[in-house]
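[1] need a structure here:
(chains A and B)
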Protein chains: 2
Amino acid sequence: MSGKISLVGIGPGHHDHMTGRALAAIAEADVVVGYSTYIKLVADLLEGKEVIRKGMTEELDRAVNALERAREGKKVALISSGDSGVYGMAGPTYEVLFQAGWTPDSDIAVEVVPGASAINACAALVGAPLTHDFCSISLSDLLTPWPVIARRLDAVAAADFVVALYNPKSGRRTQQIVQAQQLFLRHRRPDTPVAVVKSAYRRRERIELTTLAHMSECDIGMLTTVLIGNSHTFVQHGLMVTPRGYANKYDLDDGGNTRSGEKPGRSLSTGLLGWMANLRADHAEGASAAALAAQHRLPADYIEAVLAAPAEEESAAAAPLEEAQE
Amino acid sequence: MSGKISLVGIGPGHHDHMTGRALAAIAEADVVVGYSTYIKLVADLLEGKEVIRKGMTEELDRAVNALERAREGKKVALISSGDSGVYGMAGPTYEVLFQAGWTPDSDIAVEVVPGASAINACAALVGAPLTHDFCSISLSDLLTPWPVIARRLDAVAAADFVVALYNPKSGRRTQQIVQAQQLFLRHRRPDTPVAVVKSAYRRRERIELTTLAHMSECDIGMLTTVLIGNSHTFVQHGLMVTPRGYANKYDLDDGGNTRSGEKPGRSLSTGLLGWMANLRADHAEGASAAALAAQHRLPADYIEAVLAAPAEEESAAAAPLEEAQE
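    Numbers count the residues shown, from 1 in each chain, chains lettered A, B, ... in the order given. Below you'll find the predicted structure:
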């Protein structure tokens, strides 16, 4: 008798944004397990199935229930909203399975079905805020000490990431979002664009565009995701957009031609190899590693290692052009 | 005559992992525009449609073509792999549209269709590495100066994020991944788990589990995503898993009961309010703000602000329990 556990990410909540595999995994399941709010989102897919509804803090119970049913030979769909890997049930379930002595070659198969996470859904609704490097941080301190969270907020605010805050606020946890705002304001302009998105693609969807200075005054709850732009993010016609680069390499006013000194499909003149060459030249002219570290805001021992390495040429011209992996 | 541009994220590449809305947007389209590699992934959905295939660096051309056809009243699907917001076409397209004087109330409608990004797809294949806070960083220096990228790598390595590296290496760009490894090794153990995933859910899918010390020796190319675990990530039975918390609050050996001093569904004793109370107590006993800043590795002015703020009690007991937003 061989059971199966499918860890299914159902996406933001509307069936249109579920994947075919997520729909199929639920259709194939004998048993569907999940937090009661998420079970409601797929209620019309559950006819004839055993349904196990759990409270919001009962993640481990959900995993234990799924394992029990799978041991009886049942096919179980354990659902998460968004992506089951992102703050979802995939992690806790593997931990419970390992604890119970499960191995991948046992007679219980496990599958993780990916989905669009809240960050993807919220971004799609407000424009294109994730076009450059981004982070996801949960403000919940139920399982993570506050200093760990605060250090992360400080680090990514300084390094100019676009940031999504998950679990920004709850009935009990009201101050974390205020602290996050304070930490960001140490590094970012008060008018940095911020989107506050509640229940994306669900019945009570609500979108508010605001700024870093005002974000903690917004209506933020347990079903809200907060997106904070980077230093280049802008709002135009009610859409929040982050440019894809920092260099304005292509001149949109000039029909998309490259700016002087740059080549299409090639690294910037300030890309790794160009930057290393400049660093060596500045060092040869007398700039110390410490001075260069301060100038580039990078660790001095990293600068020293770069200066000590042999100079590299750009690889063979026959190599294919660069690709943007989306 | 009113046209439409749908910015469609097709997910990792296999139709099973496309959303219903992504399939519908392509089905409704008169014209499908995209990078030739991604067009191939949806080739069987394109019968009877005009198809515009573009090279990998021609992102702006794709957006311009989409706008031209939409102005003719056509429905255009502009496809990206993964999520069209994540290093995809959503951002460049909005920039081209704004440049051309488009506004949301013009007769060209624009829709962003979210999808599972490479980070979600790769994570699903290797286990559950994204259960805690994570970042996505592109190593491409075609549009971003290297010092910006290096500062980000340094910041998130220090702050213990799980990190996905997009565009880790190409025929021309071979040293960025080596530099990233060096920057990470300054903060993370050499045996930190790393997954190298190529062409997730596509015909030539290849998954390699390695460590930070060895990751730059792996077969890494333009279709690869590299996932670096945090300090708690482990590999068991060939699966890479990040625990959902730092505190081991729930004792799996003891049937999932909470450990001493902690309450289920409540903030940790080291959560924000508990941490603030301890900080005030330590300060009252003589620890300076500077000493506390060093101890907690947080900015001194942030510690001073926390000490200066009035003490807060946890909000009303009537508030609902905490929820994990997945």
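[2] CA atoms for contacts and neighbours, from now on please.
    Will do.
[3] quickly find the element holding the residue of the stretch 151-300 of chain A found nearest chain B.
    Distance from chain B to each residue of the stretch 151-300 of chain A (C-alpha to the nearest C-alpha) is smallest for residue A:267, at 4.0 Å. Assigning secondary structure by DSSP states H and E places residue A:267 outside every helix and strand.
[4] was I right to think residue A:122 contacts residue A:225?
    Yes. Counting by C-alpha atoms under 8 Å, residue A:122 touches residue A:225, with 7.3 Å between them.
[5] re the thing from before, ok, now which ones touch the residue of the stretch 151-300 of chain A closest to chain B?
    B:140-143 (C-alpha atoms under 8 Å, 6 or more residues apart in numbering or on different chains).
[6] low-confidence regions, the stretch 1-150 of chain A specifically.
    A:1 (pLDDT under 70).
[7] ranges for the helices of it?
    With DSSP state H, counting those that start in this stretch, the ranges of helices along the stretch 1-150 of chain A come out as A:20-28, A:36-41, A:59-71, A:90-99, A:118-126, A:146-158.
[8] of the contacts of residue A:267 - the most surrounded one?
    residue B:140 (29 neighbours; other C-alpha atoms under 10 Å in any protein chain shown).
[9] I'd like the contacts of residue A:267 written out as TSV, with distance to residue B:156 added.
    Formatted as TSV, the contacts of residue A:267 follow (distance: C-alpha to C-alpha, whole Å):
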residue	distance to residue B:156
B:140	17
B:141	18
B:142	21
B:143	21
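[10] and which of those is nearest residue B:107?
    Nearest to residue B:107 among these: residue B:143, at 32.0 Å, using C-alpha to C-alpha.
[11] mind checking how far that closest one is from chain A?
    Distance, residue B:143 to chain A, by C-alpha to the nearest C-alpha, to the nearest Å: 5 Å.
[12] with adjacent residues omitted, what lies nearest to that residue?
    Among residues not flanking residue B:143 along the chain, residue A:245 sits closest, at 4.6 Å (C-alpha to C-alpha, 6 or more residues apart in numbering or on different chains).
[13] how many other residues sit next to that neighbour?
    20.
[14] go ahead and confirm it touches residue B:141.
    No. Contact criterion C-alpha under 8 Å: residue A:245 and residue B:141 do not qualify, at 9.0 Å.
[15] give the residue spans of the stretch 151-300 of chain A that score low on pLDDT.
    Those would be A:247-248, A:252-253, A:255, if you go by pLDDT under 70 across the stretch 151-300 of chain A.
[16] what segments of it are helices?
    Under DSSP H, counting those that start in this stretch, the stretch 151-300 of chain A gives helices at A:176-185, A:272-284, A:289-296, A:300-308.
[17] quick one: the last one to helix B:176-185, angle?
    Read that as helix A:300-308. With axes from the mean of the first three to the mean of the last three C-alpha atoms, to 10 degrees applied, the angle from helix A:300-308 to helix B:176-185 works out at 150 degrees.
[18] report the buried residues of helix A:300-308.
    A:300, A:302-303, A:306-307 (16 or more other C-alpha atoms under 10 Å in any protein chain shown).
[19] out of the helices of the stretch 151-300 of chain A, which is the most enclosed?
    Of all the helices of the stretch 151-300 of chain A, helix A:176-185 carries the top mean neighbour count, a mean of 20, counting by mean count of other C-alpha atoms under 10 Å in any protein chain shown.
[20] what lies in contact with it?
    A:139, A:150, A:153-154, A:157-158, A:168-169, A:212-213, A:215-216, B:272, B:302.
[21] what two of those residues are the furthest from one another?
    A:158 and A:169 (22.7 Å).
[22] any idea how far residue A:164 lies from residue B:277?
    Residue A:164 sits at a distance of 28 Å from residue B:277 (criterion: C-alpha to C-alpha, to the nearest Å).
[23] nope, residue A:179 is what I was after
    15 Å.
[24] kindly report the same for residue A:249.
    Residue A:249 is 50 Å from residue B:277, by C-alpha to C-alpha.
[25] got it, and residue A:279?
    47 Å.
[26] equivalent analysis for residue A:272, please.
    46 Å.
[27] what does residue A:294 give?
    36 Å.
[28] domains of chain A?
    Domain assignment for chain A by automatic domain parsing gives A:3-116, A:119-241, A:261-308.
[29] once you drop chain neighbours, what's closest to residue A:261?
    Counting by C-alpha to C-alpha, 6+ apart, the residue nearest residue A:261 is residue A:269, at 7.1 Å.
[30] please name the residues that touch that neighbour.
    Counting by C-alpha under 8 Å, 6+ apart, residue A:269 has contacts A:261-262, A:275.
[31] what does residue A:150 give?
    Residue A:150 touches A:180, A:183, B:298, counting by C-alpha under 8 Å, 6+ apart.
[32] TSV for those residues, including distance to residue B:41?
    Output for the contacts of residue A:150, formatted as TSV (distance: C-alpha to C-alpha, whole Å):
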residue	distance to residue B:41
A:180	41
A:183	43
B:298	47
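[33] name the nearest of the residues you listed relative to residue A:69.
    residue A:180 (41.4 Å).
[34] what segments of the stretch 201-326 of chain A are strands?
    A:206-211, A:224-228, A:234-236, A:239-241, A:250-251, A:257-258 (DSSP state E, counting those that start in this stretch).
[35] buried deepest among those, which one?
    When the strands of the stretch 201-326 of chain A are compared using mean count of other C-alpha under 10 Å, strand A:224-228 is most buried, at a mean of 27.
[36] returning to what we had before: ok, so of the contacts of residue A:150, who is nearest residue B:13?
    residue A:180 (36.5 Å).
[37] now do the closest one against residue A:188, distance only.
    For residue A:180 relative to residue A:188 (C-alpha to C-alpha), the value is 12 Å.
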